[in-house]
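Asker: Take a look and give me a structure for this.
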Amino acid sequence: HQVFYDVNLRKNYYEKEWIEKSLCQSSIVKLNDREALIISELLFGQTLKQEKLAELICREYDLSIVCITHGKNGSSVYRNGKLEKVAGINGPVADTVGGGDSYSAGFLFSYLCGTSIYEAAEFAEILGNFVVSQSGAVPKYPKWLEKEIENLKYKIKK
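Answerer: Sure thing, here's the model as predicted:
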């Protein structure tokens, strides 16, 4: 089974021990650029390049996938020693609330439908970009996005 951990650090309300325990229980982890810097310093005592950080946390905590989001600059996904960058979508930003959560939901939904991690991250970018282009964290999906979701669901049945 797969366990997803969205690091989601808030201000100074976290402890190294909590993060380590969560990583030990997880197989997929998602963090943003700021969280990557904090985790790097906290767990390894230095600022690491993101690819090296992903490599080390995969090895040390037996993770299979690391997703690092870069806001409007897209995201990176790491698996089996390879970091792939996924382009961001340059769209309007109305409200960033829900952006990271929608990325996580889009990634997991797509990945569990059977796509590659790169394709899952591409769909996560589409969903995250749509959510931040709207006011509120749970906007109504337009028909084109509903069709994308249905196409992914169809992959499960194959």
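
Asker: Can you pull the poorly scored residue ranges out of this structure?
Answerer: Where the chain drops to pLDDT under 70, the residues are 156-158.

Asker: all strands for it, in order.
Answerer: Assigned by DSSP state E, the chain shows strands spanning 4-6, 28-32, 65-69, 75-79, 82-86.

Asker: Output the fourth one in CSV with nothing but the alpha carbons.
Answerer: In this case it means strand 75-79. What follows is strand 75-79, C-alpha atoms only, in CSV (Å, rounded to 0.1, in the frame of the first residue of the first chain):
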residue,chain,number,x,y,z
SER,A,75,7.1,21.1,-9.8
SER,A,76,9.7,18.3,-9.8
VAL,A,77,9.1,14.6,-9.2
TYR,A,78,11.8,12.2,-8.1
ARG,A,79,11.8,8.4,-8.3
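
Asker: quick one on the thing from earlier: now mean neighbour count too, for the strands of the chain, in a markdown table please.
Answerer: Placement of C-beta: from N, CA and C, glycine included. Formatted as a markdown table, these follow (neighbours: other CB atoms under 10 Å):
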| stretch | mean neighbour count |
| --- | --- |
| strand 4-6 | 18 |
| strand 28-32 | 24 |
| strand 65-69 | 25 |
| strand 75-79 | 22 |
| strand 82-86 | 16 |
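
Asker: As TSV, those with distance to S104 would be great.
Answerer: Below are the strands of the chain laid out as TSV (distance: least, CB to CB, whole Å):
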stretch	distance to S104
strand 4-6	5
strand 28-32	5
strand 65-69	8
strand 75-79	11
strand 82-86	14
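
Asker: between these, which gets nearest to L43?
Answerer: Nearest to L43 among the strands of the chain is strand 28-32; the distance by CB to CB comes to 11.6 Å.

Asker: Helices of the protein, residue ranges please.
Answerer: Assigned by DSSP state H, the chain shows helices spanning 16-24, 33-44, 50-61, 99-112, 117-132, 143-157.

Asker: Any idea which of these gets closest to V93?
Answerer: For V93, the closest of these is helix 117-132, at 5.1 Å, according to CB to CB.

Asker: buried sites along the closest one?
Answerer: 117, 119-132 (16 or more other CB atoms under 10 Å).

Asker: tell me the domain boundaries of this protein?
Answerer: Residue ranges for the domains of the chain, per automatic domain parsing: 1-88, 89-158.

Asker: My understanding was that E51 contacts L83; is that so?
Answerer: Yes. Using CB atoms under 8 Å, E51 is in contact with L83, at 4.3 Å.
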